[in-house]
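Chemist: Curious how this folds, go ahead:
(2 chains)
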Amino acid sequence: MRKQYETIIGLEVHVELATRTKIFCACSTEFGGAPNVHTCPVCTGMPGSLPVLNKKVVEYAMAVGLATNCRITRHCKFDRKNYFYPDNPQNYQISQLYAPICRNGFVEIETAAGKKKIGIHEIHMEEDAGKLIHDEWEDCSLVDYNRSGVPLIEIVSEPDMRSAEEVIAYLDKLRLIIQYLGASDCKLQEGSMRADVNLSVRETGTEKLGTRTEMKNLNSFKAIARAIEGERTRQIELLEEGKSVIQETRRWDDNKEYSYPMRSKEDAQDYRYFPEPDLVPVDISEEWIEEIRSKQPELRTVKLIRYKKEFDIPDYDAEIITGSKHLADLFEATTAICKKPKKVSNWLMVETMRLMKELDQEPEDLTFSPENLAKLIELTDAGTINHTVAKEVFEQIFKRNVDPEEYVEERGLKTVNDEGALRDAIAKIIASNPKSVADYRNGKEKAIGFLVGQTMKEMKGKADPTMVNEILREILNG
Amino acid sequence: MSLMSLTAAKLGKKIKDREVTAVEAMEDALKQIQEKEPLLKSFVTVDEEGARKRALEVQQKIERGELTGPLAGVPIAIKDNICTEGILTTCASKILYNFKPTYSAEAVKNLEAAGAVIIGKTNMDEFAMGSTTETSAFGVTRNPWNLEHVPGGSSGGSCAAVAAMECPCALGSDTGGSIRQPSSFCGVTGIKPTYGTVSRYGLIAYGSSLDQIGPIARDVTDCALLLEAIASYDRKDSTSIKREDYHFVKALKSDVKGMKIGIPKDYFGEGLDPEVSSAVLEAAHVLKEQGAIVEEFDLCLVDDELLTSKNSSSFGEDKIHPTRYAIPAYYVISSAEASSNLARFDGVKYGYRAGEYEGLHQMYKKSRSEGFGEEVKRRIMLGSFVLSSGYYDAYYLKALRTKALIRKVFDQAFEKYDVIIGPAAPTTAPKLGKSLSDPLKMYLGDIYTISANLAGLPGICLPCGRDSKGLPIGLQLLGDCFQENQILRAAYTYECARGKWNMPGAFLNRKGVIKDEETV
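Modeler: Okay, the predicted model is just below:
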């Protein structure tokens, strides 16, 4: 019989912080731009330049640490990690090894198996590297230092996860917390959140940890789940064959669904860490911690409880909406204007979700304003437009953030409340559909639906279907 | 008589009084340099064209009344590890042979704001690593007092230029004595300020936690003037300290009555040249005559848990001579920082890149092997070794603890004394070619200067005599952190009592022969 194995997983999660400027200079962190435009002597490692710490980086790191129940290091320091690579202009990275800003935290995750705490070993601050571009045509490499010096935090978990499901739940939790804090947009695809998976297996029931590997290049939750399964299988097969797992860094190829070694053990780097002499230690006072704590926004768990209490919306809706900070912000802002939480929730849950799926968008990509959604709800409730027209208008709000009042006005989409015009149209439909009229009169209730539809068509959709229904029945029953 | 034999203060006054112009002063500097450089080689780059242009601009500003300070129009030389916008800054290394910074160091900007006019860049030991200015990739600088001798280092070019009266003053940098030791060898005056007083922004780092830029001139007054000009709180340098007071000129009073001056007994042991010893003790005596309270004391440590083995129970038994550990601690810390600071010179972005290579690894290897000199490579290797995993605690961490300990020793000493007096170097300038053959011995020559860097203290070196060969002997005064004014006052008092100090300006006429020239 095959042995039973347990998977032990720990994560190293890099998160790009949403500061306006870089961690050690005043250059912009803006994404894109021509190569090397967002650079200066500091972030290109020019001789004689010196780093100056961006205070906002410390505050974001503290905020994430407090939200993940970490202890804040009161006297935190930076260290140099030495390694040669052209994307790293000084050939050392300023990071934290000996006194990282946060330690000993945890987050609580929930999976089908129930609730579980995942320990956070530490969170440290560091700088991102530039980007190498290999020009195959010219056979040369070029360096773009726009990303060099963009602030990162690295969140190192304890090896507390046992399955891909737990890993995804943990990442989702981190992502939500950080997004709620406004510390990062945490987009895996764009690299503002990157996860490296440390994984080992051991025979169920044994105490000793197996040899672990580190996997990189994981660009989506799905890739992470597949990589975990793939690496688990690979390690178990090795052990079953009597071979041993080598401690190494591997690169996951999501197309081939297999990981390949990046560095062999012989290349194992000695980073020769030592305290960064160009920066002074950061002394974090109790007052500063309290200030950050007091400014901490309402996080998801608390928000969810409040939604269930405060708004008359289904629990499921509350969970989906609070599942994205941006969506929750939209919901609350719109509700604040129109005071109709249930209707707002409906628009977000049905039409918004449908369009997002259709256009392959994330909630963070939504660009429409709460004002326009609120106006749309008002227009519908007042009967100015009917539901079919409202859906059409919403699509325009979703895509171009149009002002629904102007849009309806310009396109003449208002419901026609002129009863005379409506009665004329109905008379026309009755005259031209004798069979349906007869069917209805013979008790075929369904036939009325057809007649309503025909009338709406005649009215170019601008009639109130309820009214059409009423008038039709009045005439046919009369 | 050359304008360059004037001190900066006197030349500045003449310019201010419209007796001479900044342009005339610069022309004279360039003439002196042209005459003396073939023998001396104190400059790596003389920026003639730029210097003339800057002098003219400064003169116009003086005439418009926009520059009124004491340094306006005074030519100054800058050590070649201090960045100057648009002017080659090589650190005397092949690896930076073509590097023109797009920015000036904060200290240089401060000087320019005061109206000083940059002439060019002075020679030095490559990346400031050395004590003789012989490790420069661009040739050795000679000592103006005797061309067969070294000027000291690493700021040897700056000190030689000032001593030879190519210019009245210069900037140097001091990581382990690189201003004070060559000042001693060249008979000029130099200050290593308290760590954090002069911004390091734009100083190409050697040992970041020890480096300071400082002034080199022909007397204490000029040094105080220059220090006042370059010292500033700079937000671009996180280790810059906002001082309460940046006024140093006011300390120039000939008055040491009641000042407590300590002579560390252990400084005068074996290894110190007797001629140096007696000249320094004589200087201490002069200060005593001026009213200072001068006494000998033990600059020793009481007991030390950190450096003795952990399970040692013999508390108080181990007396540790701080200077015995200062040298190894200094070389461990400075080399460790240097190994990392110099990693950026890789041929990727600027500077020297090997001509032929295959792949990235070889490009790094060849560029760095060919671009760096022996001494620099030695220290990069030493530094990389002490930071390696498994050795970090034994070397680097221990060195950091020693550093803290040395600071403690000085803290205790400065509870009792205002100023500590001693030599700047154990000998006078050695002959060319003698030092590099035995680097370890060369390192031991730093014994009197490095503890000030490890403890962050200010120190001044000024001439106090000459040995039997006619070579100058330097007197070093150390003060507590931020007490530059104490050492300036003591140095100024000594200088007044000592009387006129002549410079070897006429050496050019008879190569290698010492003949004094009067300074004005």
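Chemist: For the longest strand belonging to chain A, the averaged confidence score.
Modeler: Counting residues, the longest strand found in chain A (DSSP state E) is strand A:114-127. The average pLDDT within strand A:114-127 is 97.
Chemist: Please name every helix or strand in contact with that strand.
Modeler: helix A:55-67, strand A:92-95, strand A:102-111, strand A:151-157, helix A:164-181 (3 or more CB pairs under 8 Å, 6 or more residues apart in numbering or on different chains; DSSP states H and E). Any C-beta I mention is one placed from the backbone N, CA and C, and that applies to glycine too.
Chemist: now with 10 Å?
Modeler: If you count contacts as 3 or more CB pairs under 10 Å, 6 or more residues apart in numbering or on different chains; DSSP states H and E, strand A:114-127 packs onto strand A:5-16, helix A:55-67, strand A:79-82, strand A:92-95, strand A:102-111, strand A:151-157, helix A:164-181.
Chemist: Can you give the strand pairings for that strand, parallel or anti for each?
Modeler: Strand partners for strand A:114-127, identified by DSSP bridges, are recorded as strand A:102-111 (antiparallel), strand A:151-157 (antiparallel).
Chemist: any idea of the angle the first one forms with helix A:55-67?
Modeler: This points to strand A:102-111. Strand A:102-111 and helix A:55-67 are oriented at 50 degrees to each other (axes from the mean of the first three to the mean of the last three CA atoms, to 10 degrees).
Chemist: any chance of the strands paired with strand A:114-127 in TSV, plus mean neighbour count?
Modeler: Output for the strands paired with strand A:114-127, formatted as TSV (neighbours: other CB atoms under 10 Å in any protein chain shown):
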stretch	mean neighbour count
strand A:102-111	18
strand A:151-157	24
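Chemist: want to throw those into TSV with distance to residue A:37 and mean pLDDT?
Modeler: Below are the strands paired with strand A:114-127 laid out as TSV (distance: least, CB to CB, whole Å; pLDDT from 0 to 100):
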stretch	distance to residue A:37	mean pLDDT
strand A:102-111	33	96
strand A:151-157	19	98
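Chemist: thinking again about what came up before, just the helices and strands packed on strand A:114-127: most buried one?
Modeler: strand A:151-157 (a mean of 24; mean count of other CB atoms under 10 Å in any protein chain shown).
Chemist: Which residues are in contact with residue B:496?
Modeler: B:220, B:252, B:253, B:254, B:255, B:286, B:290 (CB atoms under 10 Å, 6 or more residues apart in numbering or on different chains).
Chemist: again but with residue B:28, I slipped
Modeler: B:2, B:3, B:4, B:5, B:6, B:11, B:20, B:75, B:165, B:166, B:167.
Chemist: between the helices and strands packed on strand A:114-127, which one is nearest to residue B:474?
Modeler: With CB to CB as the criterion, residue B:474 lies closest to strand A:79-82 of the helices and strands packed on strand A:114-127, at 35.4 Å.
Chemist: could you dump stretch B:363-370 to PDB, C-alpha only?
Modeler: Written as PDB, here are the backbone C-alpha positions of stretch B:363-370 (Å, rounded to 0.1, in the frame of the first residue of the first chain):
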ATOM      1  CA  MET B 363      32.000  40.700 -18.200                       C
ATOM      2  CA  TYR B 364      31.800  41.300 -14.400                       C
ATOM      3  CA  LYS B 365      34.900  39.300 -13.700                       C
ATOM      4  CA  LYS B 366      37.100  40.800 -16.400                       C
ATOM      5  CA  SER B 367      35.900  44.400 -15.900                       C
ATOM      6  CA  ARG B 368      36.500  44.200 -12.200                       C
ATOM      7  CA  SER B 369      39.800  42.300 -12.400                       C
ATOM      8  CA  GLU B 370      41.200  44.700 -14.900                       C
END
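Chemist: buried sites along it?
Modeler: Residues of stretch B:363-370 classed as buried by neighbour count (16 or more other CB atoms under 10 Å in any protein chain shown): B:363, B:364, B:365, B:366, B:367, B:368.
Chemist: what's stretch A:388-398 in contact with?
Modeler: By CB under 10 Å, 6+ apart, stretch A:388-398 touches A:347, A:350-352, A:354-356, A:358-359, A:361, A:366-369, A:371-373, A:375-377, A:379-381, A:384-385, A:402-405, A:407-408, A:411, A:413-415, A:456, A:460-462, A:465.
Chemist: buried stuff in the longest strand of chain A?
Modeler: Neighbour counts over strand A:114-127 (16+ other CB under 10 Å) mark A:116, A:118, A:119, A:120, A:121, A:122, A:123, A:124, A:125, A:126, A:127 as buried.
Chemist: gap between that strand and the chain center?
Modeler: Distance of strand A:114-127 from its chain centroid, counting by CA atoms, centre = their mean, to the nearest Å, is 18 Å.
Chemist: wait, isn't residue B:248 in contact with residue B:483?
Modeler: No: look at residue B:248 against residue B:483 with CB atoms under 10 Å: they stay out of range, at 11.2 Å.
Chemist: Neighbour count for these two, which is higher?
Modeler: Using other CB atoms under 10 Å in any protein chain shown, the more surrounded residue of residue B:248 and residue B:483 is residue B:248, with 22 against 18.
Chemist: check contacts around the more buried one.
Modeler: Counted by CB under 10 Å, 6+ apart, residue B:248 has contacts B:191, B:193, B:197, B:215, B:223-229, B:231, B:484-485, B:488.
Chemist: Out of the residues you listed, the closest to chain A would be?
Modeler: Nearest to chain A among the contacts of residue B:248 is residue B:197, at 15.1 Å by CB to the nearest CB.
Chemist: show me where pLDDT drops low in chain A?
Modeler: Residue ranges of chain A with pLDDT under 70: A:1-2, A:263-268, A:417.
Chemist: Domain ranges for it, per the record?
Modeler: The record's domain parsing of chain A by automatic domain parsing lists A:5-287, A:298-411, A:419-477.
Chemist: Among these, which comes closest to residue B:449?
Modeler: That would be domain A:5-287 among the domains of chain A, by CB to CB, at 19.3 Å.
Chemist: Around residue 452, count how many other residues there are.
Modeler: Picked chain A for this. 20.
Chemist: Actually, chain B is the one I wanted.
Modeler: Residue B:452 has 27 nearby residues by other CB under 10 Å.
Chemist: Find me the pLDDT at it, would you?
Modeler: With respect to pLDDT, residue B:452 has a value of 95.
Chemist: Surely it and residue B:413 touch.
Modeler: No: the pair residue B:452 and residue B:413 does not pass the contact test of CB under 10 Å, sitting 12.0 Å apart.
Chemist: what do those two both touch?
Modeler: Common contacts of residue B:452 and residue B:413 (CB under 10 Å, 6+ apart): B:420, B:478.
Chemist: Okay, buried residues for whichever strand or helix holds residue A:291 please.
Modeler: Residue A:291 belongs to helix A:286-295 when assigned by DSSP states H and E. For helix A:286-295, the neighbour count (16+ other CB under 10 Å) marks A:288, A:292 as buried.
Chemist: which strands and helices sit next to the very next helix or strand once past it?
Modeler: Downstream of helix A:286-295, the next assigned helix or strand under DSSP H and E is helix A:300-310. Here helix A:300-310 touches helix A:164-181, helix A:315-322, helix A:325-338, helix A:341-346, going by 3+ CB pairs under 10 Å, 6+ apart.
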